[in-house]
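Asker: What follows is a predicted structure for the sequence shown.
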Amino acid sequence: MITSGLTTSFKEEILLAVHDLDTDVLKIALYTSAADLGPATTAYTPSGESSGTGYTAGGEILLNVTVGSGQQTGFASFNNPTWPGSSLTARGALIYNSSKSNKSIAVINFGTDQTTVAQAFNVALPPNTPESAAIRIS
């Protein structure tokens, strides 16, 4: 089962100053419906990870990470990741910090299986606003 949200370990690690989202390398990995991801996920895992043409285990680096704030909320935004020319199926994703021992940050459930056959697999993340960014702390 894939349950969306920030991971509990990330919430604690933010308070301990483990993560620096401005300078650390953040990645996003894709997962099938067989994955077990949610609030208790503490780090990237290959268990249940998607595979196929155009996809490399561990996923992609999130580009143009920006940390901002507004309306009493801190949030991080980045470009939507894309796997061009891919053939794969994914039900969700894990955002994690590869600079910090692959510690987990957030889990995303797509709601249904998303499949591509020799075309771009795009993850359309929520708008980068204080109300809806994928990573936000209120």
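Answerer: Looks like it came in fine.
Asker: The protein: strands as residue ranges?
Answerer: Ranges of strands in the chain, per DSSP state E, are 5-6, 26-31, 60-61, 66-70, 73-77, 82-97, 103-122, 135-137.
Asker: Between those, which one is closest to residue 40.
Answerer: Between residue 40 and the strands of the chain, the shortest separation by CB to CB is 9.3 Å, and it involves strand 103-122. C-beta here means a position set from N, CA and C on the backbone, and glycine is covered the same way.
Asker: ok, and which of the strands of the chain has the densest surroundings?
Answerer: strand 26-31 (a mean of 24; mean count of other CB atoms under 10 Å).
Asker: Check which helices and strands it is in contact with.
Answerer: When contacts are defined as 3 or more CB pairs under 8 Å, 6 or more residues apart in numbering; DSSP states H and E, strand 26-31 packs onto strand 60-61, strand 82-97.
Asker: My guess is residue 42 contacts residue 7. True?
Answerer: Yes: with contact defined as CB atoms under 8 Å, residue 42 reaches residue 7; the gap is 6.9 Å.
Asker: picking that back up, reformat the helices and strands packed on strand 26-31 as CSV; add mean pLDDT.
Answerer: Formatted as CSV, those follow (pLDDT from 0 to 100):
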stretch, mean pLDDT
strand 60-61, 96
strand 82-97, 96
